[in-house]
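When you get a sec, could you give me coordinates for this:
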Amino acid sequence: METSAVLRVLGLLREAGCEVWVGGGWGIDALVGEVTREHDDLDLLHRVEQEPLLITTLENAGFAEQPGVEPGRPARFVMKDDEGHELDLHPLRFRPDGSAVQHADDRGGVFHYPADAFATGVIAGVPVNCLSVAQQIAFHQGYEPRDRDRHDMARLRAAFGTTTW
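Next comes the predicted model:
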């Protein structure tokens, strides 16, 4: 997914009043302030109460929900447009203290986001909400890393001097 498509989606959602945070590879690129690799999709976290508005906004922009995604709802869902731009969407339920919870599966598992998991980064000079360095590192634990995971963690080490991973 190219930078212009990412900024278009983020702009549409911002104009509609949807608060989102960039995660995954684009989130890491936002933290380091430059595009460091190609991305197949855009991971976005959003407020669960804004989901109807988010979906309507994306549908009006030509995106449609994709069936058969595992894990699917309530953990996440995927929308794609005719040009092949894919959005991996993660609903968050925020708590009064600024922390959030995301369903991990349909069996009651959850991911916890501390209040400091939310940060600001930059994509092509545009400030964007994204996941923090610590949260990105936390999400890259507990599985066999792929080449892109090793690349992403190396970018965080180079930019922020992180020693984990």
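
Return the set of buried residues in stretch 46-56.
46, 47, 48, 50, 54, 55 (16 or more other C-beta atoms under 10 Å). Every residue, glycine included, has its C-beta placed from N, CA and C.

oh, I was asking about stretch 1-18
For stretch 1-18, by 16+ other C-beta under 10 Å, it's 1, 5, 6, 9, 10, 12, 13, 18.

Over to stretch 103-122?
In stretch 103-122, counting by 16+ other C-beta under 10 Å, buried: 103, 111, 113, 117, 118, 119, 121.

Can you lay out those as JSON lines showing distance to residue 80 and secondary structure?
Output for the buried residues of stretch 103-122, formatted as JSON lines (distance: C-beta to C-beta, whole Å; DSSP: H, G, I helix; E, B strand; the rest coil):
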{"residue": "103", "distance to residue 80": "21", "secondary structure": "strand"}
{"residue": "111", "distance to residue 80": "23", "secondary structure": "strand"}
{"residue": "113", "distance to residue 80": "25", "secondary structure": "strand"}
{"residue": "117", "distance to residue 80": "27", "secondary structure": "helix"}
{"residue": "118", "distance to residue 80": "26", "secondary structure": "strand"}
{"residue": "119", "distance to residue 80": "27", "secondary structure": "strand"}
{"residue": "121", "distance to residue 80": "24", "secondary structure": "strand"}
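
Spell out, range by range, the strands that occur in the protein.
20-23, 41-47, 64-65, 77-80, 86-94, 100-103, 110-113, 118-123, 126-131 (DSSP state E).

Just send those strands back as JSON lines, with distance to residue 29 and mean pLDDT too.
Below are the strands of the chain laid out as JSON lines (distance: least, C-beta to C-beta, whole Å; pLDDT from 0 to 100):
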{"stretch": "strand 20-23", "distance to residue 29": "9", "mean pLDDT": "98"}
{"stretch": "strand 41-47", "distance to residue 29": "11", "mean pLDDT": "98"}
{"stretch": "strand 64-65", "distance to residue 29": "26", "mean pLDDT": "98"}
{"stretch": "strand 77-80", "distance to residue 29": "20", "mean pLDDT": "97"}
{"stretch": "strand 86-94", "distance to residue 29": "15", "mean pLDDT": "98"}
{"stretch": "strand 100-103", "distance to residue 29": "21", "mean pLDDT": "96"}
{"stretch": "strand 110-113", "distance to residue 29": "20", "mean pLDDT": "94"}
{"stretch": "strand 118-123", "distance to residue 29": "7", "mean pLDDT": "98"}
{"stretch": "strand 126-131", "distance to residue 29": "9", "mean pLDDT": "98"}
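
Done for today, thanks.
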